[in-house]
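>>> Provided below are the primary sequence and the corresponding predicted coordinates.
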Protein chains: 2
Amino acid sequence: MYRTHTCGELRISDAGKFVTLSGWAQKNRDLGGMTFIDIRDRYGITQLVFNMDINPELCQEARKIGREFVIQAKGKVEERSNKNVNIETGEIEINVTEINILNISDTPPFTIMDETDGGEELLMKYRYLDIRRAPIRKALELRHKMSLETRKFLDQYNFIEVETPVLIKSTPEGARDFVVPSRMHPGNFYALPQSPQVFKQLLMVAGMDRYYQIVKCFRDEDLRADRQPEFTQIDCEMSFIEQEDILIMFEKLAKHLFKTVKDTDFFYQFPRMTYKEAMEKYGSDKPDIRFDMKIYELTDLVKHKEFKVFNEAQYIGAICATGCSEYSRKQTDALIDFVKRPQIGASGLVFVKCNPDGTFKSSVDKFYSADDLKSWADRLEAQPGDLLLLISGNKDKSLTALGQLRLEMATLLNLRDPDIFSPLWVIDFPLLEWDEQTQRFYAMHHPFTSPKPEDIPLLETNPKEVRANAYDFVINGIEIGGGSIRIFDENLQQKMFSILGFSEEQAKYQFGFLMNAFKYGAPPHGGIAFGFDRLVALFYGATSIKDVIAFPKNNAGRDVMIDAPSLIAEQQLDELCINIKKQ
Amino acid sequence: MYRTHTCGELRISDAGKFVTLSGWAQKNRDLGGMTFIDIRDRYGITQLVFNMDINPELCQEARKIGREFVIQAKGKVEERSNKNVNIETGEIEINVTEINILNISDTPPFTIMDETDGGEELLMKYRYLDIRRAPIRKALELRHKMSLETRKFLDQYNFIEVETPVLIKSTPEGARDFVVPSRMHPGNFYALPQSPQVFKQLLMVAGMDRYYQIVKCFRDEDLRADRQPEFTQIDCEMSFIEQEDILIMFEKLAKHLFKTVKDTDFFYQFPRMTYKEAMEKYGSDKPDIRFDMKIYELTDLVKHKEFKVFNEAQYIGAICATGCSEYSRKQTDALIDFVKRPQIGASGLVFVKCNPDGTFKSSVDKFYSADDLKSWADRLEAQPGDLLLLISGNKDKSLTALGQLRLEMATLLNLRDPDIFSPLWVIDFPLLEWDEQTQRFYAMHHPFTSPKPEDIPLLETNPKEVRANAYDFVINGIEIGGGSIRIFDENLQQKMFSILGFSEEQAKYQFGFLMNAFKYGAPPHGGIAFGFDRLVALFYGATSIKDVIAFPKNNAGRDVMIDAPSLIAEQQLDELCINIKKQ
């Protein structure tokens, strides 16, 4: 037997017991007469002690044990004279009578401590050593707990986890599929699912009533900072429900996770906001509502004066930064630089300082009177000491820029505390998005999303205004989940395909089996999917989802630890009947 | 609100309540004055009743409702005069006051009943309708329950579920990998995992201590009857353990599942059998021990007489079929045909009938005396009325043939009751298998399997005799799980690679990251993986794993429902820098 206890469980009440521990040597301190080794496993750290006077031979042996050696120690649990209150085993130590080296270790490429000296590439290359560090290990433990609690909750509400296939059919709509050449059917390919969307809808047609799955999904995208080619969703679908049922059920799930995992109670119903309000008041479809700082439109107040920029703008809006009226030139210049970044794209910023003495000072004093400025400040309910920040131009772009500026100001003002969680439902999304480049509509959510029944007539007359029965779940400005009520009427589905510019043939080729299934009694249904990696990262307070994935890929989609993707043998290519194209 | 109750929950105690149900019209019976519709959902079936005298209009409407229409019915729960004791809702019916057709349905291609008239291809093409049938639905419900109970159990023992990557690196050893061309790294490929083997070992190096995952695995094999290109494993690994710890832990898991899912208790320790005994006594490494009928070697007794066939044989063995002495010529001929099949490969069968009167009658009476025959019967402890079946030839082949014959006889004698479960551990597997064709050793389990410490010296002198710390979990003759204690010593691992004929370069290319990881303090570890599809099929009494998979592929690896694999667009191929090779 390798161990009688783990390295995290012995307490003062175990004093006197003879125990066996196994683990890694975290630290080896030779204090002359005494040698101390911290032995570590997943469960904790226990101090081993060797006494030169009592057993010099054993002590000499212990001194040879290097960092990360795998060792087994037998000995007696004793009360420590010098207690460590920071760790749970800190009141005891093991007076060792036998030590066995189970495996040696080269010196690790970085220190296995909470704060390490390794750079990101090095940590990823040696991910198996990185995981030994408590911060990564705890993230994976949290992830496990969250998936298990999700399952327990959904099981309790009669959801059944059904595994949907991974080798499916390519559907060119949306992001790129990863594909898998078929050896048995040369020239044909499977695709890896971007989501189990079609299958979960088929399961509703199949009468499964309540489905879920914690499932890997795949997207061959050019990776941004926080995207992975494979990621995990909590995927859910329900039959015989309306939007309200979904919101209630999954608000309960979120509260269950907050309660069981973070011991946090929410005694109120999560706020709900229409997409329109989110865009107009927060400049984002995923508002961070940990703080207020709403956007106010000033178009009606600022027009028809001498200021050409405003007069020519479609829209002028502002936010109010509390207590920032005394920002220096350097500070305001930094904000101008921020909004001028290509990813924000505003042409500039207008400032109005609401001075503590009640006067105003703005960058457009030439064009506006103190009364003008006061009327703006009044609309924003600004107080003396505050700073107004105005952006003008195209309405949508200005709102988005104000939304970004709002987040930046909140960061500067420390209003985005990661220990505060502000969940929010965003509802009433538009059904369709117009794409200027391709001159066609795209489904904002996906082609199966149901319009609001009262908006169906607008499909003919004004498709842009049609609202969908679609909703997002947002926490702290991060889109955690999203879903919709689905179309279950075959005719409406075909109308949708035609608005989205699918020819009948295309629609049949890509979704024929789903449309066919809808002929045999599709129930009213809808669902939601949560980005599990993001949810765990949020709960853990991690800035990147990589921190909560055991073996993540880097931003180029490579696993630098196992060195994938890689070349494969000619014989494999031959069997698959494919050639690499010469570049 | 679509429903106040499901179609499975109303009881006599609900009589008098006004309720709303939604579901599918299973059956519509027009009895003149009355019309009955059975409304069905996942939870059950409830009878709706319409009375021509009371509400002729509604009754007329109800008569128009076809099979599989999706309907919503409102009405009053009433006690039935004609109770159906076969269903849980059979004491009540709904006196309907309002009926809404939520969706119509074409006539389904087969009847949605427990016993259907659809053929296999049709059922698979319309799998979403097949799942509406109770036998398939219940299989998926059972699968859900088994996965959840597995997780609950393992969580309780401190196992952590860790998701390992799906896009990994191709390792040509063993079965074929499915590969995924990388768009971002042209000419390079990811591979889909045949198992998370390497990752779970890395997680042990990472100090995760106890890992599990219920995970999809992929093998591009030519499919046999009960293989799928994607399948699911319960994959587990533990550190600081020996073989005994694994057997104890996973026997507990099996007992937990039997208890919670099938309400079956096992109060005894599962039997254990060495690979040698399994092969010599059952002619199989996965013996079905629901019945005895062991194999006995007769080589020493039958040699040195006049019968050339036996004298020239390496091995002669027999089984005893209880009560079969009066088998007709037709019956024994059928057994001869059975063993001569190419997949069994025996050259013939020798029979000895132990007649009820104590005499013997054999097909080799010419060469053997009654005393000879009696000595054979004695060794097999045969009784008057039994039938001995002898096979001779090469030892391994004869044993395998006897093992197959044993199963065939047990089937004929109804000794393989699917409601009886006989679990068994098979242990002490050989480490290596010699392949005549390629003239090299292969790892019987996999290249990381540890030899028994006491057999390590034999690696140099007699590798064939080296036993592994490897074990299989078998129920009713089906291999449900298998695993091993792993090599954690870098030098031993390199010796293994060299015995398996890997050049140092090959080993480094394929497993370099694992060997590298082992340099940094690999703990003693080992694990096991269960074939989850097979386990569910066994619990459910299904003959094929297809029955317990929501969307299975056919034997050609096709999903006939979604029509995958399929052609992909030229543009996709271009982006991936691959060509289809002309045939």
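Right, received. Where do you want to start? Numbers count the residues shown, from 1 in each chain, chains lettered A, B, ... in the order given.
>>> helix, strand or coil for the residue lying closest to A:Asp547 once chain neighbours are set aside?
Excluding its sequence neighbours, the residue lying closest to A:Asp547 (C-beta to C-beta, 6 or more residues apart in numbering or on different chains) is A:Ala139, at 5.6 Å. For every residue, glycine as well, the C-beta is placed using N, CA and C. Three-state assignment for A:Ala139 (DSSP: H, G, I helix; E, B strand; the rest coil): helix.
>>> Ok, the one 3 residues further on next?
The assignment at A:Leu142 comes out as helix when based on three-state DSSP.
>>> List the buried residues of stretch A:36-44.
Residues of stretch A:36-44 classed as buried: A:Ile37, A:Asp38, A:Ile39, A:Arg40, A:Asp41, A:Arg42, A:Tyr43, A:Gly44 (neighbour count, 16 or more other C-beta atoms under 10 Å in any protein chain shown).
>>> Quick check on the fourth one: phi, psi?
Spelled out, it's A:Arg40. phi -130, psi 140 (degrees, to the nearest 10).
>>> Setting aside sequence neighbours, what's the nearest residue to it?
A:Gln26 (4.3 Å).
>>> just checking, that neighbour touches A:Gly44?
No. Contact between A:Gln26 and A:Gly44 fails when scored by C-beta atoms under 8 Å: they sit 10.6 Å apart.
>>> before we move on, the earlier item: quick one: contacts for the residue nearest to A:Asp547?
A:Val536, A:Tyr540, A:Ala542, A:Asp547, A:Val548 (C-beta atoms under 8 Å, 6 or more residues apart in numbering or on different chains).
>>> Tell me which two in the residues you listed are the farthest apart.
A:Val536 and A:Asp547 (9.0 Å; C-beta to C-beta).
>>> Other residues contacting the lowest-mean-pLDDT helix or strand in chain A?
Counting by mean pLDDT, DSSP states H and E, chain A has its least confident helix or strand at helix A:504-517, which shows a mean of 84. The contact list for helix A:504-517 (C-beta under 8 Å, 6+ apart) reads A:171-173, A:198, A:201-202, A:205, A:447-448, A:490, A:493-494, A:497-498, A:502, B:128, B:561-563.
>>> Among the residues you listed, which lie within helices?
Cross-referencing those against helices under DSSP state H gives A:Val198, A:Gln201, A:Leu202, A:Val205, A:Glu490, A:Gln493, A:Gln494, A:Phe497, A:Ser498, B:Tyr128.
>>> What does the pLDDT read for the fourth one?
In the predicted model, A:Val205 carries a pLDDT score of 97.
>>> Likewise for the last one?
According to the model's per-residue confidence, B:Tyr128 sits at a pLDDT of 97.
>>> do you know how far it is from chain A?
Distance of B:Tyr128 to chain A, computed by C-beta to the nearest C-beta, to the nearest Å: 4 Å.
>>> tally of neighbours for that residue?
26 (other C-beta atoms under 10 Å in any protein chain shown).
>>> Isn't it up against B:Met561?
Yes. B:Tyr128 lies in contact with B:Met561 (C-beta under 8 Å); the separation is 7.4 Å.
>>> Which parts of the least confident helix or strand of chain A count as buried, going by neighbours?
By 16+ other C-beta under 10 Å, the buried positions in helix A:504-517 come out as A:Ala507, A:Tyr509, A:Gln510, A:Phe511, A:Phe513, A:Leu514, A:Met515, A:Asn516, A:Ala517.
>>> And the residues you listed, which two are furthest apart?
Of all pairs in those, the most separated under C-beta to C-beta is A:Tyr509 and A:Ala517 at 15.4 Å.
>>> can you tell me which residues contact the residue in the stretch 301-450 of chain A that chain B sits nearest to?
Closest to chain B within the stretch 301-450 of chain A is A:Ser450: 13.2 Å, counting by C-beta to the nearest C-beta. The contact partners of A:Ser450, by C-beta under 8 Å, 6+ apart, come to A:Ala468, A:Asn469, A:Ser484, A:Ile485, A:Arg486, A:Ile487, A:Phe488, A:Leu492, A:Gly526.
>>> residues touching the third one, list them.
It stands for A:Ser484. Contacts of A:Ser484 by C-beta under 8 Å, 6+ apart are A:His445, A:His446, A:Phe448, A:Thr449, A:Ser450, A:Ala468, A:Asn469, A:Ala470, A:Tyr471, A:Gly526, A:Gly527.
>>> What about the contacts of A:Ala139, which are in helices?
Those of those lying in helices (DSSP H): A:Val536, A:Tyr540.
>>> Low-confidence stretches in chain A?
The model of chain A has pLDDT under 70 over residues A:172-174, A:224-225, A:583.
>>> Mind splitting it into its structural domains?
A:12-103, A:138-272+A:424-548, A:291-416 (automatic domain parsing).
>>> most packed of the ones you listed?
Comparing the domains of chain A by mean neighbour count (mean count of other C-beta atoms under 10 Å in any protein chain shown), domain A:138-272+A:424-548 comes out on top with a mean of 19.
>>> quick revisit: so the residue nearest to A:Arg40, which of the three states?
Going by three-state DSSP: A:Gln26 is strand.
>>> Helices of the stretch 101-250 of chain A, residue ranges please.
A:120-125, A:127-130, A:134-156, A:197-205, A:243-262 (DSSP state H, counting those that start in this stretch).
>>> could you give the angle of the last one to helix A:134-156?
Compare the direction of helix A:243-262 with that of helix A:134-156 by axes from the mean of the first three to the mean of the last three C-alpha atoms, to 10 degrees and you get 140 degrees.
>>> how far does helix A:243-262 sit from the chain's center?
17 Å (C-alpha atoms, centre = their mean, to the nearest Å).
>>> tell me which strands and helices that helix is in contact with?
Using 3 or more C-beta pairs under 8 Å, 6 or more residues apart in numbering or on different chains; DSSP states H and E, the elements in contact with helix A:243-262 are helix A:134-156, strand A:230-239, strand A:423-427, strand A:470-475, strand A:478-485, strand A:525-531, helix A:532-540.
>>> neighbouring contacts of the third one?
Strand A:423-427 is touched from outside by A:243, A:247, A:251, A:254, A:266, A:270-275, A:278, A:285-287, A:289, A:470-475, with contacts defined as C-beta under 8 Å, 6+ apart.
>>> so what strands line up beside it?
strand A:272-274 (parallel), strand A:470-475 (antiparallel) (DSSP bridges).
>>> closest to B:Gly33 out of those?
strand A:470-475 (47.6 Å).
>>> then the closest one to CSV, C-alphas only?
Once non-C-alpha atoms are left out, strand A:470-475 reads as follows in CSV (Å, rounded to 0.1, in the frame of the first residue of the first chain):
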residue,chain,number,x,y,z
ALA,A,470,-34.3,34.7,-28.6
TYR,A,471,-32.5,35.5,-25.4
ASP,A,472,-29.0,35.7,-24.0
PHE,A,473,-27.8,35.2,-20.5
VAL,A,474,-25.1,37.7,-19.6
ILE,A,475,-23.0,38.0,-16.4
